[in-house]
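Visitor: sequence unknown, structure follows:
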């Protein structure tokens, strides 16, 4: 049997990203400079934060006027009422609110259910600024992939973000956008080692790859991208992550 | 800056596991045979299924007598009423039941909240047999780690299992037991790239490593263990995963 072996390589030396930057080019150059040039068949994982910066999804909180609700909610916790307002403005549905802890779990307009509508302030210069999620992370992934293709390499791209989970402490990286890769490995209808049909298993590969990439990233040190090398990609040009990985409300038991 | 690079290596050629087997020895030999001998500093991820087999946690459904509740619940879906009974018997709390789909989300006696109390039938010989979770996966991890140490290598061990998630389709691998590694990277109180304090980020590293390992495992082909090589382990001999990664009920918004 062929030995399954993959490498996860953090990309260092990517300069601070500004609105309008060509991420593909900057990542491509940084990877080459550290001796890990992108290769055909690589999966490139890019964190939401630099995608949001490149796409101008940074908001100055001093331009946000909090409502009475946002003020009242903030009173018992140390959240900035302007941030609370921005979270509300970027939420389609509120799933859970907890005034004491300041926790807001909501459904974003993309359909992601996460804390603070995916808005956060880490690794952004200046105290007033926060990042929103990209408008369409599948599209962001496609643009990066196409721009890498212009430089001669055929890769897949995953945009990742850090999400908390119910019932378990700590956060993990999940995928919020994909291009060029089927985000699932579907074992349903195939047989296990003993020939029994696997009934329920469909692995959320894109989420697992996003989590794997986080192992080589470091919040403080600014490693906002990683290469997954050696995985045999199930190519898929048409997969919209939002339509496939987000569970339909009617099937969900936790809203 | 040092380039962060890790390797994930699937271990093939591990024979079918039986009750009482020394997993450490079998994995050690298989890894050596494929040319990937275990090294000091490796993280070894072992799937729950072979741990349960080695520890005799396989149940013959023909020994289970379903209650009226189990029969009634099974009527609308194609679940085996004996399996439903076994799930109930291995649950401390029921979190969500859905008669139409047969979904049972419960809290196990260990404190894990997952589908079917972690019981499943894949990759077990014979239609009547299912596996329960190990009684104490931290202890299982410690035993494997100690046995590898007897063979001269100092490693960390993570026991993984496949869990579904609310709101997102598909399953990912999470950690259910650890030994010799801090399951978290705690950034709280440290500063980001711009010197701002990171307030909320605590990465569930053990879960991310479990997910990463799944990328090289294959449900059908029987790759039940993987090596994570090149990660700078934050050694921790005393971490009980059950006590640290499972959120206290009072802090949980989704029960």
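Guide: Nice, I can see it. Everything numeric in this text was worked out from a predicted model, so none of it was measured. Numbers count the residues shown, from 1 in each chain, chains lettered A, B, ... in the order given.

Visitor: give the burial count for the nearest residue to residue A:36 once chain neighbours are set aside, as a bare number.
Guide: Excluding the flanking residues, the one nearest residue A:36 by CB to CB, 6 or more residues apart in numbering or on different chains is residue A:9, at 5.0 Å. C-beta here means a position set from N, CA and C on the backbone, and glycine is covered the same way. Using other CB atoms under 10 Å in any protein chain shown, the number of residues around residue A:9 comes to 24.

Visitor: which intervals of chain A have sub-threshold pLDDT?
Guide: For chain A, residues meeting the criterion pLDDT under 70 lie at A:1, A:200, A:219-221.

Visitor: so what's the nearest residue to residue A:246 once chain neighbours are set aside up against?
Guide: Excluding its sequence neighbours, the residue lying closest to residue A:246 (CB to CB, 6+ apart) is residue A:111, at 4.3 Å. The contact partners of residue A:111, by CB atoms under 8 Å, 6 or more residues apart in numbering or on different chains, come to A:92, A:242, A:246.

Visitor: just confirm the residue nearest to residue A:36 is within a strand.
Guide: Yes - per DSSP: H, G, I helix; E, B strand; the rest coil, residue A:9 lies within a strand segment.

Visitor: show me what contacts it?
Guide: A:31, A:36, A:216, A:226-227, A:229, B:3-5.

Visitor: okay, and the beta partners of it?
Guide: Beta-bridge partners for residue A:9, by DSSP bridges, are residue A:227, residue B:5.

Visitor: of all residues in chain A, which one is nearest the centre?
Guide: Taking CA atoms, centre = their mean as the criterion, residue A:160 is the residue nearest the geometric centre of chain A, at 2.3 Å.

Visitor: doesn't that residue belong to a strand?
Guide: Yes - assessed by three-state DSSP, residue A:160 belongs to a strand.

Visitor: contact partners for it?
Guide: So residue A:160 contacts A:45-48, A:173-176, A:210, A:213-214 (CB under 8 Å, 6+ apart).

Visitor: out of the contacts of residue A:111, which comes closest to chain B?
Guide: residue A:246 (6.6 Å; CB to the nearest CB).

Visitor: for that closest one, phi and psi?
Guide: Per-residue torsions, residue A:246: phi -90, psi 120 (degrees, to the nearest 10).

Visitor: picking that back up, can you lay out the contacts of residue A:111 as JSON lines showing neighbour count?
Guide: Shown next, in JSON lines, are those (neighbours: other CB atoms under 10 Å in any protein chain shown):
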{"residue": "A:92", "neighbour count": "13"}
{"residue": "A:242", "neighbour count": "16"}
{"residue": "A:246", "neighbour count": "18"}
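
Visitor: which parts of the stretch 1-150 of chain A sit against chain B?
Guide: A:1, A:3-10, A:12-13, A:34-36, A:96, A:98, A:101, A:103, A:105, A:113, A:121-127 (CB under 8 Å from any CB of the partner chain).

Visitor: now do 7 Å
Guide: For the stretch 1-150 of chain A, the residues in contact with chain B (CB under 7 Å from any CB of the partner chain) are A:1, A:3-10, A:12, A:34, A:96, A:98, A:103, A:105, A:113, A:122-123, A:125.

Visitor: can you pull out the strands in chain A?
Guide: Counting by DSSP state E, chain A has strands at residues A:5-10, A:43-47, A:58-60, A:91-98, A:103-108, A:113-115, A:129-131, A:156-165, A:168-179, A:185-186, A:202-203, A:225-229.

Visitor: what packs against the longest one?
Guide: The criterion is 3 or more CB pairs under 7 Å, 6 or more residues apart in numbering or on different chains; DSSP states H and E, and the helices and strands that strand A:168-179 contacts are helix A:137-150, strand A:156-165, helix A:205-214, helix A:241-244, strand B:202-203, helix B:205-214.

Visitor: same thing but 6 Å
Guide: If you count contacts as 3 or more CB pairs under 6 Å, 6 or more residues apart in numbering or on different chains; DSSP states H and E, strand A:168-179 packs onto helix A:137-150, strand A:156-165, helix A:205-214.

Visitor: what does the last one give?
Guide: Other helices and strands packing on strand A:225-229, by 3+ CB pairs under 6 Å, 6+ apart, are strand A:5-10, strand A:43-47.

Visitor: cool, and the fifth one?
Guide: Packing contacts for strand A:103-108, counted by 3+ CB pairs under 6 Å, 6+ apart, involve strand A:91-98.

Visitor: so the strand it packs on versus strand A:103-108, what angle?
Guide: When axes from the mean of the first three to the mean of the last three CA atoms, to 10 degrees is applied, the directions of strand A:91-98 and strand A:103-108 differ by 160 degrees.

Visitor: quick revisit: list only buried entries from the residues of the stretch 1-150 of chain A next to chain B.
Guide: Among these, those classed as buried by 16 or more other CB atoms under 10 Å in any protein chain shown are A:4-10, A:12, A:34, A:96, A:103, A:105, A:113, A:122-123.

Visitor: what two of the residues you listed are the furthest from one another?
Guide: Among these, the pair separated by the greatest distance (CB to CB) is A:34 and A:96, at 42.1 Å.

Visitor: without its sequence neighbours, what residue ends up closest to residue A:212?
Guide: Residue A:212 sits nearest to residue B:212 (CB to CB, 6+ apart), 3.5 Å away.
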